[in-house]
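J.: 3D model of this:
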Amino acid sequence: MQRIVLNEISYFGAGCRSMIADEARRRGYKKAFFVTDADLVRFGVASKIEEVFRGAGIPYEIFTDVKANPTIANVQHGVAAFEASGADFIVALGGGSVIDTAKGVGIVTNNPEFADVKSLEGPADTHRRAVPTFALPTTAGTAAEVTINYVIIDEEARKKMVCVDPNDIPSVAIVDPELMYSMPKGLTAATGMDALTHAIEGYITKGAWTMSDMFELKAIELIAQHLKAAVDDGKNAAAREGMSVAQYIAGMGFSNVGLGIVHSMAHPLGAFYDTPHGVANALLLPYVMEYNAESAAAPKYRDIARAMGVDTAGMSVEEDVAAAVKAVRDLSLSIGIPQRLHEIGVKEADIPALSVAAFNDVCTGGNPRDTSVAEIEALYRKAF
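T.: Numbers count the residues shown, from 1 in each chain. Now for the predicted structure:
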């Protein structure tokens with residue numbers, strides 16, 4: 001049996017943020033709890049949503065207590081602020097960190113038995129849908145607006161908790177590429193490679209099937225076409241729109257079939273060093289692809305290479321693997337992604353602890369090749 005969970009409704013295209021007003025009116029909502037971050041306020045992106053609120057006469061309260069890797073405290077503060085606000089729906093504007101915080105707030109508000117937040121880790125047995133949430137991504141990478149996953153840091157345990165719950169998916173996704181124009185080059189590169197990681201891991205994970213394969217291959221193709229152009233020129237409308245759609249499509253797949261040990265290994269880097277998630281994924285992806293080629297997923301590497309624009313005619317399986325890995329690494333290098341863990345502040349002495357945390361991560365079970373703490377440690381050391 002297979003299952004697909006998607007948003008109730010999604011909008012795409014320049015200017016589609018205006019649909020916040022129509023959807024709120026249609027659903028009878030009265031006041032918005034507007035979750036975003038301080039940078040989006042400072043750079044004027046949040047004002048584009050405030051204009052929609054004001055134009056439609058929708059009162060709102062803004063909440064910006066969000067970290068780049070959101071914590072239990074961020075969620076708990078958000079729950080208290082939401083309850084005090086008198087709002088009846090959430091509008092989340094930002095990257096994965098903002099949308100993940102909003103998911104946590106929405107779930108805990110309607111399922112107060114999970115107020116410790118820690119109990120939400122893994123597949124959570126919540127019984128009520130989250131507070132209705134409209135999610136507007138400002139990065140083209142996480143696909144948090146369409147997934148049933150969110151990630152919260154347990155600072156005390158130095159652990160990234162991956163929470164998996166169909167009840168947390170935003171009711172409405174609004175993917176407006178105009179909200180992504182202010183992304184700097186480095187963030188565009190990292191989040192774009194995050195989307196590529198989602199697509200590749202989602203394509204070769206143990207849970208992959210016909211429908212998810214369709215999503216992931218198209219996402220890989222679009223990212224290969226548009227990511228470098230989006231990095232080189234942030235105002236390139238076609239590239240921004242292409243990436244906004246690509247990352248959403250990747251999310252449609254991986255949210256429903258799982259990921260693998262690129263994510264397992266990236267999550268502890270965020271918990272230990274506050275490493276941006278996209279950077280961690282991008283750096284680790286080629287190393288893990290090489291490792292996973294020794295699995296039943298190897299024949300799928302030809303499809304990955306083709307989607308990346310490689311002519312695979314006449315190639316053996318081994319050549320397909322090498323071509324797919326090279327295409328990913330070449331794209332990564334072309335947009336300035338670091339290639340070694342020591343370049344991003346990882347400490348060699350921490351590798352054993354990172355390896356245990358990665359092995360115990362919820363994403364490990366979906367990896368196409370069964371692994372061990374020792375093999376993950378060897379991969380960290382190879383990437384170091």
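
J.: can you confirm residue 62 is in a strand?
T.: Yes: per DSSP: H, G, I helix; E, B strand; the rest coil, residue 62 lies within a strand segment.

J.: specify the beta-bridge partners of it.
T.: residue 34 (DSSP bridges).

J.: report the contact partners of it.
T.: By CB atoms under 8 Å, 6 or more residues apart in numbering, the contact set of residue 62 is 34, 36, 41, 46, 50. Quick note: C-beta positions are derived from backbone N, CA and C, even for glycine.

J.: so the first one touches residue 64, yeah?
T.: No: taking contact to mean CB atoms under 8 Å, the distance of 9.0 Å between residue 34 and residue 64 leaves them out of contact.

J.: the two: which is more packed in?
T.: Remark: of residue 34 and residue 64, residue 34 carries more neighbours, 23 against 16, as counted by other CB atoms under 10 Å.

J.: gap between the more buried one and residue 58?
T.: Computed as CB to CB, to the nearest Å, the residue 34 to residue 58 distance reads 10 Å.

J.: cool, and residue 104?
T.: Residue 104 is 23 Å from residue 58, by CB to CB.

J.: who has more neighbours out of those two?
T.: residue 104 (28 against 20).

J.: I'd assumed residue 70 was in contact with that one.
T.: Yes: when contacts are counted by CB under 8 Å, residue 104 is listed as touching residue 70 (7.3 Å).

J.: next, count neighbours for residue 370.
T.: As a burial measure, residue 370 scores 10 neighbours (other CB under 10 Å).

J.: check the secondary structure at it for me.
T.: Look at residue 370: counting by three-state DSSP, its state is coil.

J.: please enumerate the helices of the protein.
T.: 19-27, 38-42, 45-56, 72-85, 96-110, 185-204, 210-232, 237-257, 261-273, 277-292, 301-307, 317-334, 351-359, 373-383 (DSSP state H).

J.: for residue 132, find the nearest of the ones you listed.
T.: helix 19-27 (7.0 Å; CB to CB).

J.: ok, and the closest non-adjacent residue to the residue nearest in space to the middle of the chain?
T.: Nearest to the mean C-alpha position of the chain, counting by CA atoms, centre = their mean, stands residue 142 at 2.1 Å. With CB to CB, 6 or more residues apart in numbering as the criterion, residue 142 has its nearest non-adjacent residue at 3.2 Å, and that residue is residue 96.

J.: likewise for residue 261?
T.: residue 367 (4.6 Å).

J.: can you pull the contacts of the one you found?
T.: By CB under 8 Å, 6+ apart, the residues touching residue 367 are 205, 206, 260, 261, 264, 292.

J.: next one: the second one from residue 285, what distance?
T.: So that's residue 206. 18 Å.

J.: could you do the first one as well?
T.: Using CB to CB, we find residue 205 at a distance of 14 Å from residue 285.

J.: my guess is residue 213 contacts residue 203, does it?
T.: Yes: with contact defined as CB under 8 Å, residue 213 and residue 203 form a contacting pair (6.1 Å).

J.: what do the two both touch?
T.: residue 253.

J.: more neighbours, those two?
T.: residue 203 (27 against 17).

J.: show the contacting residues for the more buried one.
T.: By CB under 8 Å, 6+ apart, the residues touching residue 203 are 212, 213, 216, 217, 220, 253, 300, 303, 304.

J.: how far out from the middle of the chain is stretch 265-272?
T.: Its chain's average C-alpha position is 14 Å from that of stretch 265-272, according to CA atoms, centre = their mean, to the nearest Å.

J.: just the residues contacting that stretch, thanks.
T.: Outside stretch 265-272, the residues that touch it by CB under 8 Å, 6+ apart are 69, 151, 153-154, 158-160, 162, 275-277, 280-281, 284, 288, 341, 344, 346, 350, 353-354, 357-358, 361, 363, 376, 379-380.

J.: buried ones from the residues you listed, can you make that a PyMOL selection?
T.: The PyMOL selection below is limited to those of the contacts of stretch 265-272 classed as buried (16 or more other CB atoms under 10 Å):
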select buried, resi 69+151+153+159+160+162+275+276+277+280+281+284+288+341+344+346+350+354+357+358+361+363+376+379+380
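
J.: roughly how far apart are the nearest residue to residue 37 once chain neighbours are set aside and residue 178?
T.: Excluding the flanking residues, the one nearest residue 37 by CB to CB, 6+ apart is residue 66, at 4.7 Å. Using CB to CB, residue 66 is found at 21 Å from residue 178.

J.: between these two, which one's more packed in?
T.: Neighbour count, other CB under 10 Å: between residue 66 and residue 178, residue 66 has more, with 27 against 18.

J.: circling back: among the contacts of residue 62, which ones are buried?
T.: For the contacts of residue 62, a burial check counting by 16+ other CB under 10 Å picks out 34, 36, 46, 50.

J.: dump those to a markdown table, plus distance to residue 320 and pLDDT.
T.: Converted to a markdown table, the buried ones among the contacts of residue 62 look like this (distance: CB to CB, whole Å; pLDDT from 0 to 100):
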| residue | distance to residue 320 | pLDDT |
| --- | --- | --- |
| 34 | 47 | 98 |
| 36 | 43 | 98 |
| 46 | 45 | 97 |
| 50 | 50 | 98 |
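
J.: now for these: which two are most distant?
T.: 36 and 50 (9.7 Å).

J.: tell me who's in contact with the residue nearest to the centre of the chain.
T.: Here residue 142 is in contact with 95, 96, 99, 191, 194, 195, 247, 251, 277, 278 (CB under 8 Å, 6+ apart).

J.: go with 7 Å
T.: 95, 96, 191, 194 (CB atoms under 7 Å, 6 or more residues apart in numbering).

J.: neighbours around the third one, how many?
T.: Meaning residue 191. The tally of other residues near residue 191 (other CB under 10 Å) stands at 31.
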